[in-house]
Each structure stands twice: as structure tokens, then as C-alpha cells.
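> from the sequence below, what's the structure:
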Amino acid sequence: MTAPCGLDCFNCGAYERNITEEYKKHASEFLKIPIEETVCRGCRDEKGKCKWANGQCATWDCALERGVTYCYQE
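Residues are numbered from 1 along each chain as shown. Here you go, the predicted model:
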């Protein structure tokens, strides 16, 4: 699972299989969102809705608009 920007979901601390209770608590406080919303299923499953980018990811939108899998593609 690789995001359109090239980030690897499996190496992300917020990805659902990696997130710890301590990370959830920190993210909840930092982002001011409920703790159960801190888990990420990956950019593709989340349809570009990134909590860390305050909503919709511009890279996701660009790749989707251009009809490509990754932002570096033409």
C-alpha cells in the first residue's frame, strides 16, 4: 500500500496496523479529534481524506484528476 505521494502506509505510525494506544492519544489531543478517528486505513481506503493534512490531500486530488496512480506519473 503506497499513497499517491509515494509514502508507504506500512511504515506510517498512524496506519491501522501500526498505531499504538499512546500514538492514538497524542494524535487525538494534537488534532483535536476523537481517539477512535485517529486510525488511518491508508490514503486509498480513506479516499484522500487525511487527518494530518486537515482534510482532503491535494496530492490525492491531483493524481485523481489526472487519472494516475502516483503523483510523479504523467
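
> do you know the pLDDT at the closest residue to residue 38 other than its chain neighbours?
Leaving out its chain neighbours, the residue that sits closest to residue 38 by Cβ to Cβ, 6 or more residues apart in numbering is residue 27, at 4.1 Å. Glycine gets a C-beta too; all of them are placed from N, C-alpha and C. pLDDT, residue 27: 90.

> residue 27 touches residue 40, doesn't it?
No. Look at residue 27 against residue 40 with Cβ atoms under 8 Å: they stay out of range, at 9.5 Å.

> quick check: neighbours shared by those two?
Shared contacts of residue 27 and residue 40 (Cβ atoms under 8 Å, 6 or more residues apart in numbering): 14, 51.

> so who does the residue nearest to residue 38 touch?
Contacts here follow Cβ under 8 Å, 6+ apart; on that basis residue 27 touches 14, 33, 38, 51.

> and which of those residues is nearest to residue 65?
Nearest to residue 65 among the contacts of residue 27, counting by Cβ to Cβ, is residue 51 at 21.8 Å.

> burial measure for the closest one, as a count.
Residue 51 has 16 neighbouring residues, counting by other Cβ atoms under 10 Å.

> and the gap between it and residue 13?
Counting by Cβ to Cβ, to the nearest Å, the gap from residue 51 to residue 13 is 12 Å.
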